[in-house]
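# Sequence first, predicted coordinates after that:
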Amino acid sequence: MRLRELRDHVDRRPFSPFRIYMSDGSKHDVTNPNFVFLMRSTMILGLESDNEDELPDRSMYCDFVHITRVETLSDAGR
């Protein structure tokens with residue numbers, strides 16, 4: 001995955017939630033662009049708490065080399 005492609009998803013207005021698929025088979029939903037921090041080759045993703053209005057409780061690092069695809073949530077699962 002490239003930085004530009006991820007930035008396009010994060011910066012889309014209006015924002016459209018998306019799902020990232022990782023090489024280990026895991027998937028993570030990005031429902032708030034404020035919970036994403038992009039770096040040159042890594043994305044830090046804030047993992048949402050049970051309360052949607054709160055800041056993330058924890059985070060995870062996603063190296064771009066391990067992101068296999070990105071889909072908008074409306075397209076995911078089709």
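That came through fine.

# what about the strands in this protein?
Using DSSP state E, the strands found in the chain span residues 18-22, 27-30, 36-38, 42-47, 58-63, 67-72.

# what's the second one packed up against?
Okay, so that is strand 27-30. Packing partners of strand 27-30 (3 or more C-beta pairs under 8 Å, 6 or more residues apart in numbering; DSSP states H and E): strand 18-22, strand 42-47. Yep, even glycine has a C-beta here, placed from its N, CA and C like the rest.

# Kindly report the same for the fourth one.
With contacts defined as 3+ C-beta pairs under 8 Å, 6+ apart, strand 42-47 has these neighbours: strand 27-30, strand 36-38, strand 58-63.

# hmm, try it at 10 Å
With contacts taken as 3 or more C-beta pairs under 10 Å, 6 or more residues apart in numbering; DSSP states H and E, strand 42-47 sits against helix 3-11, strand 27-30, strand 36-38, strand 58-63.

# so what does the first one touch, helix or strand wise?
It stands for helix 3-11. With 3+ C-beta pairs under 10 Å, 6+ apart as the test, helix 3-11 has strand 18-22, strand 27-30, strand 36-38, strand 42-47, strand 67-72 packed against it.
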